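K.L.:
Let me see the structure of the following:
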Amino acid sequence: MINEIKKDFGFTIIELVIVIVILGLISAYAAPKMIDMVNDARLNSTKDEMMKIKLAIVGDATAVSGGVATFRGFLGDVGRPPNNISELYSQGGIPSWDRTANNGLGAGWNGPYIQADEYDDAWGNPYVLKSDTTIVSYGPNGVDDGGGDDIILRY
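P.N.:
Purely as a prediction, here's the structure:
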């Protein structure tokens, strides 16, 4: 008599269900963490861009060559804050830079101060310059709700 050995290969339905439940639990834990990481990255990216805009407006006091400021920003060049973001990358009707103006210190538009693609936040909303020297991103909801999720930077 020949003994036949039967070998079973594969997984039982119970084993598969247990694995699927474990993967579901891991996903349920990891998904919110990933969403938080994406939101944090967008927030940090927006804050970095807002700092670049601020620097473009007020200049960099540490950028000096031969005792003369080399990057005075829009405010130092034109003599007023920009009315809107587009003035930082497009001259429009602002007079051109003239070295002889302002007692030889120069005055006029000497940009672009930012790249044209730096005027939207990480959620695709345009930055807003308020007349009180404030740069505002309306945040994830894109609505001026007076705070809430708005990101505000004064210069």
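K.L.:
all helices for this structure, in order.
P.N.:
Ranges of helices in the chain, per DSSP state H, are 13-58, 73-78.
K.L.:
Out of the ones you listed, which is closest to N125?
P.N.:
Nearest to N125, of all the helices of the chain, is helix 13-58, at 9.2 Å by Cβ to Cβ. C-beta: built from backbone N, CA, C; applies to glycine.
K.L.:
ok, now how distant is the most centrally placed residue in the chain from L23?
P.N.:
By Cα atoms, centre = their mean, the chain has its centre lying nearest to T46, at 2.2 Å. Plainly put, T46 is 34 Å away from L23 if you go by Cβ to Cβ, to the nearest Å.
K.L.:
what about the chain, any weak spots by pLDDT?
P.N.:
Low-confidence segments of the chain, defined by pLDDT under 70: 1-8, 101-105, 147.
K.L.:
now the helices of the chain in a markdown table, with distance to S137?
P.N.:
Below are these laid out as a markdown table (distance: least, Cβ to Cβ, whole Å):
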| stretch | distance to S137 |
| --- | --- |
| helix 13-58 | 5 |
| helix 73-78 | 19 |
